[in-house]
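**Student:** Make a model of this:
(4 chains)
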Number of protein chains: 2
Amino acid sequence: MSKDRIFAAAKTVLAKDGVSGLSIRSVAEAAGLSPMAMYRHFKDKDALLNALMRDGFVAWEEIARAVRDPDPIEWIEKGFDTFLAFALKQPHRFDAAFLLPATEARRYPDDFAAGRSPAMALFIARIDAAKAQGHFAGRTSLEIALALAALAQGMISMHRAGRFASERQFKTLYRQVMRNTLAAYAGNRRKS
Amino acid sequence: MSKDRIFAAAKTVLAKDGVSGLSIRSVAEAAGLSPMAMYRHFKDKDALLNALMRDGFVAWEEIARAVRDPDPIEWIEKGFDTFLAFALKQPHRFDAAFLLPATEARRYPDDFAAGRSPAMALFIARIDAAKAQGHFAGRTSLEIALALAALAQGMISMHRAGRFASERQFKTLYRQVMRNTLAAYAGNRRKS
DNA sequence: CCCGGGTGTGTACAAAGTACACTTTCTTGT
DNA sequence: ACAAGAAAGTGTACTTTGTACACACCCGGG
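**Tutor:** This is a model prediction of the structure:
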């Protein structure tokens, strides 16, 4: 049994039962192993969660990379919608990637730090492109990217915490708020 | 043993050991009771967490109510700083109030829904006041309040997830981002 | 006086993480 | 091809935690 097969089983369990339903024992059963065999491949449960966090992060990066639009502002708007879709379609994976609190054993490595991940690099590149068109005057691209990413994540985390009446209402407000904020930052030179 | 005393013990345990360190048994011990006595006062652990969530929320409301500034924009900026201080000084209480995921048994009641809490009402009132001075043209106060609240929460949740190199860096970026975004929304009529 | 409800206890079981010791299986050098 | 060692897997057992269940205590009103 390779580590990959076990990890695939872990992803299946995560997708079905979420972070709270994922246990060493449940993954071991899904992989057809005894619980203790897990420890040959992952130091402990935190290490497994860490791997799932990275997996979710990388999954988002690949989805983000597939977003295409010649206009940088349009690209950013599509990115927000794509992020929302990712969070709603793969909620547990989203949780693992973006909402899991840090623990002693499980920290974001430097290359995932806010503003240094590949997904963020894509985002920053588009902001730079938009700047070349006269948008976003007066602030660093990192600050803008961070603000918009934190905003999207904050909205989704509020939704996950049950602070909207319905998913429908949440989606509407999310889109509204993201567009408003992007417009407020980008300035009014849009489509000029 | 009144429910209040048990709850006080729960708050002590929460403050010291955080959500993950809070168990029925640890609270019972802190209150000088047997574990099972807890169930006379709280249906289950989720009900206890629910009470702690509300407590944290109310604590924030009281802190927010104490913020004073005649200028609405200044008030909002002070509010962001106060929110950051709250999150850093009482991190576990902040977790309980803002970051705990919703469960079947534990949902935000309607009166805590995003945009309907007393703290949010204060915020919205200040945005309305700022509008009277010519700021924030063209968007509803709720949308603006929601965006700024979600942004602050998103930044803090990123920090809690370990996505900044240091607390120092995080604080700097938080302040920068909050001020940038507020300025982007408020428009340039400030202090005119 | 005694009795019913609110409060508290002790016991017990299930789920889960994981330490430990042992077995099986694969790899590799000769 | 085969023995030796490494890698992978197992069974058992202990701990922590939530919580069901049955009983005990205690107190005010008939």
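
**Student:** Point out the residues in chain A that sit beside chain B.
**Tutor:** Proximity of chain A to chain B, by CB under 8 Å from any CB of the partner chain, involves residues A:95, A:98-102, A:107-108, A:110, A:112-114, A:139, A:143-144, A:146-147, A:149-155, A:157-158, A:160-165, A:173, A:176-177, A:180-181, A:184-185. C-beta here means a position set from N, CA and C on the backbone, and glycine is covered the same way.

**Student:** tell me which parts of chain A are close to DNA strand D?
**Tutor:** Contact residues (CB under 7 Å from any atom of the strand) of chain A with DNA strand D: A:1, A:33-37, A:40-41.

**Student:** got the contact list for A:Ala10?
**Tutor:** With contacts defined as CB atoms under 8 Å, 6 or more residues apart in numbering or on different chains, A:Ala10 is in contact with A:22, A:27, A:30-31, A:48, A:51-52.

**Student:** And it, how far from A:Glu61?
**Tutor:** Separation of A:Ala10 from A:Glu61 (CB to CB, to the nearest Å): 19 Å.

**Student:** residue in chain A nearest to chain B?
**Tutor:** A:Gly154 (2.6 Å; CB to the nearest CB).

**Student:** which residue packs closest to that residue, ignoring adjacent ones?
**Tutor:** B:Gly154 (2.6 Å; CB to CB, 6 or more residues apart in numbering or on different chains).

**Student:** I'd like to know how many residues surround that neighbour.
**Tutor:** Using other CB atoms under 10 Å in any protein chain shown, the number of residues around B:Gly154 comes to 25.

**Student:** same question, A:Ala37
**Tutor:** By other CB under 10 Å, 14 other residues sit near A:Ala37.

**Student:** Now do the same contact list for it.
**Tutor:** Applying CB under 8 Å, 6+ apart, the residues near A:Ala37 are A:1, A:28.

**Student:** likewise A:Phe86?
**Tutor:** A:59-60, A:63, A:93-94.

**Student:** would CSV of those with secondary structure, neighbour count and pLDDT be doable?
**Tutor:** Listed next are those as CSV, based on DSSP: H, G, I helix; E, B strand; the rest coil; neighbours: other CB atoms under 10 Å in any protein chain shown; pLDDT from 0 to 100:
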residue, secondary structure, neighbour count, pLDDT
A:Ala59, helix, 17, 98
A:Trp60, helix, 22, 97
A:Ile63, helix, 17, 98
A:Arg93, helix, 23, 98
A:Phe94, helix, 21, 97
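
**Student:** which of those residues come close to DNA strand C?
**Tutor:** Contacts with DNA strand C are made by none of the contacts of A:Phe86, judged by CB under 7 Å from any atom of the strand.

**Student:** Make JSON lines from those and add distance to B:Phe123 to it.
**Tutor:** Converted to JSON lines, the contacts of A:Phe86 look like this (distance: CB to CB, whole Å):
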{"residue": "A:Ala59", "distance to B:Phe123": "35"}
{"residue": "A:Trp60", "distance to B:Phe123": "31"}
{"residue": "A:Ile63", "distance to B:Phe123": "34"}
{"residue": "A:Arg93", "distance to B:Phe123": "33"}
{"residue": "A:Phe94", "distance to B:Phe123": "27"}
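
**Student:** Next, find the distance separating A:Asn180 from B:Tyr185.
**Tutor:** For A:Asn180, the distance to B:Tyr185 - CB to CB - is 8 Å.

**Student:** Now do the contacts for A:Asp69.
**Tutor:** A:Asp69 sits next to A:75, A:78 when contact means CB under 8 Å, 6+ apart.

**Student:** coming back round to it: give me the element the residue nearest to A:Gly154 is part of.
**Tutor:** Secondary structure assignment for B:Gly154, by DSSP states H and E: helix B:141-160.

**Student:** With A:Phe80 instead?
**Tutor:** helix A:72-89.

**Student:** which regions of chain A sit below the pLDDT cut-off?
**Tutor:** Where chain A drops to pLDDT under 70, the residues are A:104-106, A:109-112, A:188-192.

**Student:** What residues does it have near DNA strand C?
**Tutor:** A:21-26, A:35-36, A:39, A:44-46.
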